[in-house]
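Engineer: okay, sequence plus prediction incoming.
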Amino acid sequence: MDMMEKIVALAKRRGFIFQSSEIYGGYRGFWDYGPAGVELKKNIKNEWWKTMVYEREDVVGIDASIVMNPVVWEKSGHLTAFTDPLVECKECHKRFREDQKDTHEHNDWTEAKTFNLMTEVLLGTTEPKEISYLRGEITQGVFVNFKNVVDSTRVKIPFGIAQIGKAFRNEVTPGNFTFRSREFEQMELEYFVKPDEKESKKTFEDFKEIRMNWYKSLGMNTKKLHFADHTQDKIAHYAKYATDIEYEAPFGWSEMEGIHHRGDYDLKSHDLKYKDNLTNVEYTPWVIETSGGVDRATLFFLIDSYTEDGDRIYLKLNPKITPYKVAVFPLLGNKPELTKKAREIYKDLKKSMVVTWDDRGNIGKRYFAQDEIGTPWCVTVDFDSLKDNSVTVRDRDTGKQERIEINKLQEYFEEKLK
Ligand code: ATP
């Protein structure tokens, strides 16, 4: 099995990611997150929000709607310019994005046609229905609320607005599991600065570092991360500088996050300005954007943490983002005295961290399952526990077991999770 097949199989087997509408054959470009996946994805988003909003003094968050007045998309240029060139293979009639021609076995193509990525929705109850769009990027929700945020809070330039939410694109070639989907989630910061070349370049460089360090601090392999600067032919016409953080996936180096210096393009297209209260000078701020994909980060954290050690498979995820921090087991599922004690520990730990329970099968199978979910510690209540009030704590990465007193467990895990 190749690496992607292993990841897709594990994701399904352990409840990370399922095909959307799987019982009806799935639906191309759409995915569902299962019980383990929803926790992993939520933890990634929470860590992002912690770094980009809570730990800073100059960033506030918003949560804009998915469907917006279509004028937004006219002004932003998405209705005319948000396109991918599409080619069709003359031999087998499969369609590809023009930049993906090399991945195909045949080499006889139609002329490239542009193809708008916006997903239309029809609104209203009477005909003709009103044409609107599912947002193609979450970014515009921030720009159209720029004035609302300035007027309703105490922010002053330089400051940022953060947002996490769903976006939709009619991708020509969805694929590589969740990497290119038609519905996906983005986590973005739009940071507004004075229109100054030097200062804005420094902000751009600072955010490159902040974002790269974020992936590294959560344990992603440094060797599999790099920046790929946009070359002149790829860079958006309005952007001053742009770079991608790429991850070396089994299908090659792939974009995980974009960091863009967007100049004054966005606020200008919506005719929005900022007035400095001290000097009374009005100007159009410039924007530095960090735009990450939640699903791509989730996929790459899964791939990056996947570890095979002989017959053992485990996800070496940073405990901050694992679906569960601890799994609690009674050594045997059919001994009420063990189950009672284990359930007390389970309920107690649950008050301060995300904990899972398992009492099926033998202990080896339970370790095997928790390893594949990435649970860093398993707690087993055995017959000795009834006498000495201690339990066995087993470490995911080393497989080592330690005896810990029950009343010290919470402190023990909290220390490790710091
Ligand atoms: P690509 O070149 O791969 O199509 P993009 O340059 O169009 O991506 P952006 O518009 O910069 O992507 O979007 C910011 C981020 O949103 C990307 O870095 C990626 O993580 C995520 N993203 C974009 N399109 C998709 C998609 N179809 N499926 C999943 N995530 C996506």
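Structural biologist: Received it, and whenever you're ready, just let me know what you need. Numbering: from 1, shown residues only.

Engineer: look up phi and psi at residue 287.
Structural biologist: Dihedral pair for residue 287: phi -120, psi 130, per degrees, to the nearest 10.

Engineer: find the nearest non-adjacent residue to it, please.
Structural biologist: Spatial nearest neighbour of residue 287, excluding adjacent residues (Cβ to Cβ, 6 or more residues apart in numbering): residue 262 at 4.4 Å. Using the backbone N, CA and C atoms, a C-beta is placed for each residue, glycine as well.

Engineer: in the helix or strand where that neighbour lies, what counts as buried?
Structural biologist: In this structure, residue 262 sits in strand 252-263 according to DSSP states H and E. Of all the residues in strand 252-263, those buried under the rule 16 or more other Cβ atoms under 10 Å are 254, 256-263.

Engineer: repeat for stretch 68-82
Structural biologist: For stretch 68-82, using 16+ other Cβ under 10 Å, the buried residues are 68, 70, 72-73, 75-76, 78-79, 82.

Engineer: try stretch 302-312
Structural biologist: Using 16+ other Cβ under 10 Å as the test for burial, stretch 302-312 gives 302-306.

Engineer: mind saving the C-alpha coords of it as PDB?
Structural biologist: In PDB, the C-alpha atoms belonging to stretch 302-312 read as follows (Å, rounded to 0.1, in the frame of the first residue of the first chain):
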ATOM      1  CA  LEU A 302      -1.900  13.100  10.000                       C
ATOM      2  CA  ILE A 303       0.600  12.200   7.300                       C
ATOM      3  CA  ASP A 304       3.500  13.800   9.300                       C
ATOM      4  CA  SER A 305       2.700  12.000  12.500                       C
ATOM      5  CA  TYR A 306       2.100   8.600  10.900                       C
ATOM      6  CA  THR A 307       4.800   6.200  12.300                       C
ATOM      7  CA  GLU A 308       5.400   2.500  11.700                       C
ATOM      8  CA  ASP A 309       7.500   0.700  14.200                       C
ATOM      9  CA  GLY A 310       7.600  -3.000  13.300                       C
ATOM     10  CA  ASP A 311       3.900  -4.100  13.500                       C
ATOM     11  CA  ARG A 312       3.000  -1.100  15.600                       C
END
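
Engineer: quick one, strands of the stretch 251-400 of the chain?
Structural biologist: Listed in chain order, the strands of the stretch 251-400 of the chain (DSSP state E, counting those that start in this stretch) span residues 252-263, 274-275, 282-283, 286-293, 306-309, 312-315, 326-330, 355-357, 377-381, 390-395.

Engineer: for the residue nearest to residue 287, list the residues it contacts.
Structural biologist: Contacts here follow Cβ atoms under 8 Å, 6 or more residues apart in numbering; on that basis residue 262 touches 236, 238-240, 286-289.

Engineer: give me the number of residues near residue 90?
Structural biologist: Around residue 90 there are 11 other residues, counting by other Cβ atoms under 10 Å.

Engineer: just give the nearest non-adjacent residue to it, would you?
Structural biologist: Of all residues not flanking residue 90 in the chain, residue 108 sits nearest, at 4.4 Å (Cβ to Cβ, 6+ apart).

Engineer: just confirm that neighbour contacts residue 92, I think it does.
Structural biologist: No. With contact defined as Cβ atoms under 8 Å, residue 108 and residue 92 do not form a contacting pair (9.8 Å).

Engineer: and for those two, which residues touch both?
Structural biologist: By Cβ under 8 Å, 6+ apart, no residue touches both residue 108 and residue 92.

Engineer: what residue in the stretch 101-250 of the chain comes nearest to the ligand?
Structural biologist: Among the residues of the stretch 101-250 of the chain, residue 184 lies closest to the ligand, at 3.5 Å counting by Cβ to the nearest ligand atom.

Engineer: pLDDT score assigned to that residue?
Structural biologist: pLDDT recorded at residue 184 is 98.

Engineer: who does it bridge with?
Structural biologist: residue 167 (DSSP bridges).

Engineer: which bits of this structure sit near the ligand?
Structural biologist: Within the chain, the residues that sit near the ligand (Cβ under 6 Å from any ligand atom) are 137, 169, 171, 180-181, 184, 186, 255-258, 291-293, 295-296.

Engineer: drop anything exposed from the residues you listed.
Structural biologist: 137, 169, 171, 180-181, 184, 186, 256-258, 291-293, 295-296.

Engineer: ranges for the helices of the stretch 101-250 of the chain?
Structural biologist: Taking DSSP state H, counting those that start in this stretch to define them, one finds helices in the stretch 101-250 of the chain at 139-143, 146-152, 197-217.

Engineer: any idea of the angle the longest one forms with strand 252-263?
Structural biologist: In terms of direction (axes from the mean of the first three to the mean of the last three Cα atoms, to 10 degrees), helix 197-217 departs from strand 252-263 by 150 degrees.

Engineer: and helix 197-217, how far from the chain's centre?
Structural biologist: Averaging C-alpha positions (Cα atoms, centre = their mean, to the nearest Å) puts helix 197-217 19 Å from its chain's average.

Engineer: residues making contact with that helix?
Structural biologist: 47-48, 51, 158, 189, 191, 193-194, 222, 225, 227, 240-241, 243, 245, 256-257, 259, 261, 286, 288, 290, 292, 297.

Engineer: got the angle for it vs strand 286-293?
Structural biologist: With the same axes, to 10 degrees as the basis, helix 197-217 and strand 286-293 are set at 20 degrees to each other.

Engineer: about what we covered before: sort the buried ones among the residues of the chain next to the ligand by pLDDT and name the bottom one.
Structural biologist: residue 171 (89).

Engineer: which residues touch it?
Structural biologist: When contacts are counted by Cβ under 8 Å, 6+ apart, residue 171 touches 29, 84, 117, 180-182.

Engineer: roughly how far does it sit from residue 103?
Structural biologist: Taking Cβ to Cβ, to the nearest Å as the measure, residue 171 falls 15 Å from residue 103.

Engineer: can you check residue 252 too?
Structural biologist: Taken as Cβ to Cβ, the span from residue 252 to residue 103 is 10 Å.

Engineer: hang on, the earlier thing: residue 36: which of the buried ones among the residues of the chain next to the ligand is nearest?
Structural biologist: Residue 36 lies nearest to residue 295 out of these, by Cβ to Cβ, at 14.9 Å.

Engineer: ok, the closest one - contacts?
Structural biologist: Residue 295 neighbours (Cβ under 8 Å, 6+ apart): 31, 41, 178-179, 181, 184-185.

Engineer: equivalent analysis for residue 414, please.
Structural biologist: The neighbourhood of residue 414, defined by Cβ under 8 Å, 6+ apart, consists of 352-353.
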